[in-house]
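Visitor: here is the input, now give the coordinates:
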Amino acid sequence: QVQLVESGGGLVQAGGSLRLSCAASGRTFSSYAMGWFRQAPGKEREFVAAIDWSGGRLNYADSVKGRFTISRDNAKKTIYLQMNSLKFEDSAVYYCAAASYGFGYKEDNYNYWGQGTQVTVSS
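Guide: Next comes the predicted model:
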């Protein structure tokens, strides 16, 4: 079992930055691929970024490439999402998720989900 708790969301002006964190519990965190997803009001949840168990393989949605960076610290059982050059359309609830098998953008790969943290970008 893995429990995930996101933090770091908030209100920021367009062009600003935020860093989201996702703290995990469980002894096998380092074996999980991890991902960030987001859901804006009235829209389906969408993939943002993913990182494999070692941090050596990364994947990003086209909409965030060059602006967002996913990383992980297995010793701290935490993953991060550094978000720069934020845009109004980045406003959403951001979720982290853990995948015991697989890696990438498909929600079906992910077994565990956090409760989400709100990111609001003012234009």
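
Visitor: every contact and neighbour count from this point should use C-alpha atoms.
Guide: OK.

Visitor: partners of residue 35 in the sheet?
Guide: Per DSSP bridges, the residues bridged to residue 35 are residue 50, residue 97.

Visitor: which ones are touching it?
Guide: 47-51, 96-99, 104-105 (CA atoms under 8 Å, 6 or more residues apart in numbering).

Visitor: again with residue 87
Guide: So residue 87 contacts 14-15, 121, 123 (CA under 8 Å, 6+ apart).

Visitor: next, it: phi, psi?
Guide: phi -120, psi 160 (degrees, to the nearest 10).

Visitor: Throw the contacts of residue 35 into JSON lines and include distance to residue 20, pLDDT and neighbour count, thanks.
Guide: Shown next, in JSON lines, are the contacts of residue 35 (distance: CA to CA, whole Å; pLDDT from 0 to 100; neighbours: other CA atoms under 10 Å):
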{"residue": "47", "distance to residue 20": "15", "pLDDT": "98", "neighbour count": "22"}
{"residue": "48", "distance to residue 20": "12", "pLDDT": "98", "neighbour count": "26"}
{"residue": "49", "distance to residue 20": "12", "pLDDT": "98", "neighbour count": "25"}
{"residue": "50", "distance to residue 20": "14", "pLDDT": "98", "neighbour count": "29"}
{"residue": "51", "distance to residue 20": "15", "pLDDT": "97", "neighbour count": "24"}
{"residue": "96", "distance to residue 20": "9", "pLDDT": "98", "neighbour count": "30"}
{"residue": "97", "distance to residue 20": "13", "pLDDT": "97", "neighbour count": "28"}
{"residue": "98", "distance to residue 20": "15", "pLDDT": "96", "neighbour count": "29"}
{"residue": "99", "distance to residue 20": "19", "pLDDT": "95", "neighbour count": "24"}
{"residue": "104", "distance to residue 20": "19", "pLDDT": "88", "neighbour count": "22"}
{"residue": "105", "distance to residue 20": "19", "pLDDT": "92", "neighbour count": "19"}
